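Enquirer: everything below, folded, please.
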Amino acid sequence: MRFFLVLALPILSKAFSPARGPVVPASTSSSTPSSSSTCSSPEFNRISTFFQLRALEDGSNVDNIGVNGSAEKKKVIVLGGDGFCGWPTSLYLSDQGHDVVIVDNLSRRNIDVELGCDSLTPIQSPEVRVQAWKEVSGKDIKFVNLDVAKEYDLLVQLIKEEKPDSIVHFAEQRAAPYSMKNSKAKRYTVDNNVGGSNNLCCAVIDSEVDAHIVHLGTMGVYGYGTSGGEIPEGYIDVILPGGREANILHPAYPGSVYHATKCLDALLWQFYQKNDQLRITDLHQGIVWGTNTPQTIKDERLINRFDYDGDYGTVLNRFLMQGAMGVPLTVYGTGGQTRAFIHITDTARCIEIAINNPPKAGERVEIFNQVAETRRVRDVAKLVADQTGVEVNLLPNPRQEAAENELDVSNRKFCSLGLDPITLDAALFDEVTEVVQKYKHRCNPTKILPASFWNKKRAEECASLDPSSVKIKN
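Expert: Numbers count the residues shown, from 1 in each chain. Purely as a prediction, here's the structure:
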């Protein structure tokens, strides 16, 4: 029998209002940015407290206070556990009491070298990271250096030895711009992402371990504005010729090679579920923002990576970095693209919800839309500009995409399972700004402008962009 201590805490801000039902674009508001500039400042401590109070509200295990839900704790392998989403998720799962094994081949760190652009935050080696986590939490996380797409026999052996209840699959090249950079990047993205996903399915079958696969997909599999209404969670009702009604996998409409690999993943999940009764959950996630979580703030050695460059920097994080450094915001095209967003803390929480609610053997692939809200890019830019006082620059769009689109998304499943999503809010903007201010000396301003173009026409339209023209204000 479990007993729970219920604490009555005030609602801290509008950031914690639940996004129930369909997610539609929200209006923006302005706020005065913090003038504090270091992570050891009172402002950073305030934000640390902000995270901890939030954790008390949702049941997270911060400083060993409570746990989330009543599900039994599980053995979880996190593929890609050294990455932007994988690392904070691994810490969160460990903090909740799960037994976590991180698998990563450190390819993202190698791409840093290739691009000549490190994380703005100084991330430590996996060995230092897991040792630091042991020191602050008393909990062990195992790290295994393994290439899921290439070292199949080792993957099978690992699954046999660890016998995981769940395998979380982050081990894919995650940046759409990088996937369009050149033929080498396109081929690598397809080989790594699709090959890795296929290897994972085969390895689960060959290991004879009934592991639940939880895959981080993307909202981009749907395309943007192609449904003519609310985008459902994975499956859509249709009327076939002859008036026959059916509920089918939502048609794919990828906007990059990266998004195409996620569409191919979705088909692999459908096949292996049907053919081998694998239990699979596919999470179509929005654009992630933020950098720290209640776990990564426990020690500086645990800090998450922060990408700000034109290839890997997610749009809101790029805007927040640019605003903090006095750089005009880089809005592509008209800024009329509407996108879904989710905070990095909620990414980790959603993963655990999925782990705790697996489909049964024989049930079709479970699909969740992992989003908190939708916003138009120019509205997000205005929100940041109003806080920081920087200008908004409309640049030629390096992407082949519609200049304007609407986006109406259902996220009912996660909300019904207890997710109270964090939405765009000044208090959390301040958290990102604090991180940027502390590490801005690590920024290479020549990497801020877009450096990958969808086709020759887009490259020609962007030819006037001069990376050396970007200047950081002191």
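
Enquirer: list phi and psi for Phe143.
Expert: Main-chain torsions, Phe143, degrees, to the nearest 10: phi -120, psi 130.

Enquirer: distance of it from Glu352?
Expert: In this view, Phe143 and Glu352 are 20 Å apart by C-beta to C-beta, to the nearest Å. Using the backbone N, CA and C atoms, a C-beta is placed for each residue, glycine as well.

Enquirer: Asn405 now?
Expert: 32 Å.

Enquirer: which of those two has more neighbours?
Expert: Glu352 (24 against 15; other C-beta atoms under 10 Å).

Enquirer: separation between the nearest residue to Cys462 once chain neighbours are set aside and Pro450?
Expert: Of all residues not flanking Cys462 in the chain, Pro396 sits nearest, at 4.6 Å (C-beta to C-beta, 6 or more residues apart in numbering). Using C-beta to C-beta, Pro396 is found at 9 Å from Pro450.

Enquirer: more neighbours, these two?
Expert: A direct count of neighbours by other C-beta under 10 Å for Pro396 and Pro450 places Pro450 higher, at 21 against 16.

Enquirer: do you know the pLDDT at the residue nearest the centre of the chain?
Expert: Among the residues of the chain, the one closest to the centroid is Val288, at 4.4 Å (C-alpha atoms, centre = their mean). Note for Val288: predicted pLDDT of 96.

Enquirer: wait, isn't it in contact with Pro88?
Expert: No - contact criterion C-beta atoms under 8 Å: Val288 and Pro88 do not qualify, at 9.9 Å.

Enquirer: shared neighbours of these two, which are they?
Expert: 344, 347 (C-beta atoms under 8 Å, 6 or more residues apart in numbering).

Enquirer: what residues are shared contacts of Pro396 and Pro450?
Expert: Counting by C-beta under 8 Å, 6+ apart, the contacts common to Pro396 and Pro450 are 332, 462, 465.

Enquirer: run the chain-centre distance for the helix or strand hosting Val190.
Expert: Following DSSP states H and E, one finds Val190 within helix 183-207. Relative to its chain's centre, helix 183-207 lies at 19 Å (C-alpha atoms, centre = their mean, to the nearest Å).

Enquirer: so where is the stretch 351-474 of the chain shaky, pLDDT-wise?
Expert: 474 (pLDDT under 70).

Enquirer: where do the strands sit along it?
Expert: 366-370, 373-376, 392-395, 409-410 (DSSP state E, counting those that start in this stretch).

Enquirer: the second one packs against which elements?
Expert: Contacts of strand 373-376 with other secondary structure elements, assessed using 3 or more C-beta pairs under 8 Å, 6 or more residues apart in numbering; DSSP states H and E, are made with strand 338-343.

Enquirer: which strands or helices does the strand it packs on pack on?
Expert: strand 287-289, strand 373-376, helix 377-388.

Enquirer: quick one: strands adjacent to that strand?
Expert: strand 287-289 (parallel), strand 373-376 (antiparallel) (DSSP bridges).

Enquirer: distance to Ile231 added to the ones you listed, as JSON lines?
Expert: Converted to JSON lines, the strands paired with strand 338-343 look like this (distance: least, C-beta to C-beta, whole Å):
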{"stretch": "strand 287-289", "distance to Ile231": "15"}
{"stretch": "strand 373-376", "distance to Ile231": "10"}
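
Enquirer: which of those sits closest to Arg442?
Expert: strand 287-289 (19.5 Å; C-beta to C-beta).

Enquirer: run through the neighbouring helices and strands of the helix or strand just after the closest one.
Expert: Counting by DSSP H and E, the next helix or strand C-terminal to strand 287-289 is helix 315-324. Secondary-structure packing of helix 315-324 (3+ C-beta pairs under 8 Å, 6+ apart): strand 287-289, strand 329-332, helix 377-388, helix 426-439.

Enquirer: possible to save these as TSV with distance to Thr338?
Expert: Below are the helices and strands packed on helix 315-324 laid out as TSV (distance: least, C-beta to C-beta, whole Å):
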stretch	distance to Thr338
strand 287-289	11
strand 329-332	13
helix 377-388	7
helix 426-439	20
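
Enquirer: what comes into contact with stretch 442-460?
Expert: 115-118, 120-122, 177-178, 180-181, 185, 256, 308-311, 318, 321-322, 325, 327, 330, 332, 395-401, 462, 465-468, 470-472.

Enquirer: now those residues: which count as buried?
Expert: Listed as buried from the contacts of stretch 442-460 are 115, 117-118, 120-121, 177-178, 180-181, 185, 256, 308-311, 318, 321-322, 325, 327, 330, 332, 395-399, 401, 462, 465, 470; burial here means 16 or more other C-beta atoms under 10 Å.

Enquirer: so what's the residue count around the nearest residue to Tyr258 once chain neighbours are set aside?
Expert: Nearest residue to Tyr258, sequence neighbours excluded (C-beta to C-beta, 6+ apart): Ser179, at 3.7 Å. Neighbours of Ser179 under the rule other C-beta under 10 Å: 23.

Enquirer: ok, Ser179 touching Lys186?
Expert: Yes - between Ser179 and Lys186 there is a contact under C-beta under 8 Å: 6.1 Å.

Enquirer: got the buried residues for the helix holding Val190?
Expert: 185-186, 188-190, 192-201, 203-204, 207.

Enquirer: can you check stretch 252-269 too?
Expert: Under 16+ other C-beta under 10 Å, the buried positions of stretch 252-269 are 252-266, 268-269.

Enquirer: looking at those residues, which are in helices?
Expert: Counting by DSSP state H, the buried residues of stretch 252-269 place 257-266, 268-269 in helices.

Enquirer: now those residues as JSON lines including distance to Pro232?
Expert: Output for those, formatted as JSON lines (distance: C-beta to C-beta, whole Å):
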{"residue": "Val257", "distance to Pro232": "25"}
{"residue": "Tyr258", "distance to Pro232": "23"}
{"residue": "His259", "distance to Pro232": "18"}
{"residue": "Ala260", "distance to Pro232": "21"}
{"residue": "Thr261", "distance to Pro232": "22"}
{"residue": "Lys262", "distance to Pro232": "17"}
{"residue": "Cys263", "distance to Pro232": "16"}
{"residue": "Leu264", "distance to Pro232": "21"}
{"residue": "Asp265", "distance to Pro232": "19"}
{"residue": "Ala266", "distance to Pro232": "14"}
{"residue": "Leu268", "distance to Pro232": "21"}
{"residue": "Trp269", "distance to Pro232": "17"}
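
Enquirer: which of those sits closest to Val128?
Expert: Closest to Val128, out of all of those and judged by C-beta to C-beta, is Tyr258, at 29.7 Å.

Enquirer: now do the contacts for that closest one.
Expert: 173-176, 178-180, 189, 193, 218, 220.

Enquirer: try 6 Å this time
Expert: Shown in contact with Tyr258 (C-beta atoms under 6 Å, 6 or more residues apart in numbering): 176, 179, 189.

Enquirer: what's the neighbour count on the closest residue to Asp82 other than its chain neighbours?
Expert: Distance criterion C-beta to C-beta, 6+ apart; nearest residue to Asp82, sequence neighbours excluded, is Asp104 at 3.8 Å. Asp104 is flanked by 25 other residues according to other C-beta under 10 Å.

Enquirer: and if you look at Lys473?
Expert: Other residues close to Lys473 by other C-beta under 10 Å number 8.

Enquirer: so who does it touch?
Expert: Lys473 touches Gly326, counting by C-beta under 6 Å, 6+ apart.
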